[in-house]
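1. quick one, fold the following:
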Amino acid sequence: MTLNIPDEILRRAGLTEKDCLVELAVHLYAERRLSQAEALQLCGLSRASFEDELARHDISLYTVSDLRADVETLKELGRL
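-> Numbers count the residues shown, from 1 in each chain. Model (predicted):
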């Protein structure tokens, strides 16, 4: 699929084509609509660079559901 965004829209938003893809990937990842691997594929960044972008947007890699799953695992292992 090809998505066409007029250059004028990108210019007004202060974005390059690459910036737009990164913003989209970050947003979709933050909404949990894309996995990290899918977001990386969309924006073309390395994992480290994508994680830097997430930090810049104040988006955590570790979620509440991750914490809950870890607590359950610790309980099952008898460590909590």
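
2. buried set for the host helix or strand of Thr73?
-> Assigned by DSSP states H and E, Thr73 belongs to helix 64-76. By neighbour count on 16 or more other Cβ atoms under 10 Å, the buried set for helix 64-76 is empty. The C-beta positions use only the backbone N, C-alpha and C, and glycine is treated the same way.

3. against which helices or strands is it packed?
-> Helices and strands touching helix 64-76, as assessed by 3 or more Cβ pairs under 8 Å, 6 or more residues apart in numbering; DSSP states H and E, are absent.

4. average pLDDT for that helix?
-> The pLDDT scores in helix 64-76 average 91.

5. how far off centre is it?
-> Chain-centre distance of helix 64-76: 22 Å, with Cα atoms, centre = their mean, to the nearest Å.

6. go on, stretch 25-39?
-> Between the centre of stretch 25-39 and the centre of its chain there are 4 Å (Cα atoms, centre = their mean).

7. tell me the span between the first and last residue of stretch 29-37.
-> 10 Å (Cα to Cα, to the nearest Å).

8. distance check, Leu74 against Leu67.
-> Look at Leu74 and Leu67: by Cβ to Cβ, to the nearest Å, they are 11 Å apart.

9. sorry, wrong one. I was asking about Leu28.
-> Distance of Leu28 to Leu67, given as Cβ to Cβ: 22 Å.

10. with Asp19 instead?
-> In terms of Cβ to Cβ, Asp19 sits 32 Å off from Leu67.

11. burial count for Ala25?
-> Per other Cβ atoms under 10 Å, the neighbour tally for Ala25 reads 23.
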